[in-house]
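Asker: just a sequence and a predicted model for now, questions to come.
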Amino acid sequence: MAKALLMLDHLSAAVAVSLLICSGTCSAISSVLLREARGSGTMLASEWTRYASYGFAIASYGVGFALYAIALRRLPLTLAYPVMIATTMLEVYVYGLVAGEAFRPAAAVGAALILLGAALVVR
């Protein structure tokens, strides 16, 4: 176990950023599953798939948290958090467009400003 933890300390920055992107993706997946499980979504039709999606959402959050924790061993919080949140936000926004949610220009501008802010923080 100690060897595995020592290996985590030697992650390259590129690998750590990749883990952050995967962490953000896990968070986005969890958000979509929770929305669908609530019954307000369009993808899940049967009752058992709704209940199963709660379990998958929790598991996805757990995996995402673990990936985030690993990435934090290599990257500063001020870099890691914006990258993870920007990834999640972008993916959830794309899901909304694909799922047919109402497109509001003001929301698109707000999302773009948040992504721009995250990009400026990362630089």
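Answerer: Done, it's in.

Asker: buried stuff in the strand or helix carrying Gly110?
Answerer: If you go by DSSP states H and E, Gly110 is part of helix 105-122. Residues of helix 105-122 classed as buried: 111, 114-115, 118 (neighbour count, 16 or more other C-beta atoms under 10 Å). Just so you know, the C-beta spots here come from the backbone N, C-alpha and C atoms, and that holds for glycine as well.

Asker: let me know the closest of those residues to Cys22.
Answerer: For the buried residues of helix 105-122, the residue nearest Cys22 by C-beta to C-beta is Ala118; the value is 16.8 Å.

Asker: which stretches of the chain have low pLDDT?
Answerer: By pLDDT under 70, the weakly predicted segments of the chain are 1-9, 39-45.

Asker: skipping its backbone neighbours, what lies nearest the most centrally placed residue in it in space?
Answerer: Computing the C-alpha centroid of the chain and ranking residues by C-alpha atoms, centre = their mean puts Gly24 first, at 2.1 Å. Using C-beta to C-beta, 6 or more residues apart in numbering and skipping residues adjacent in sequence, the residue nearest Gly24 is Thr87, 2.8 Å away.

Asker: do Leu72 as well
Answerer: That would be Ala80: by C-beta to C-beta, 6+ apart, it lies 5.5 Å from Leu72.

Asker: who are the contact partners of that neighbour?
Answerer: 16, 20, 68, 71-72 (C-beta atoms under 8 Å, 6 or more residues apart in numbering).
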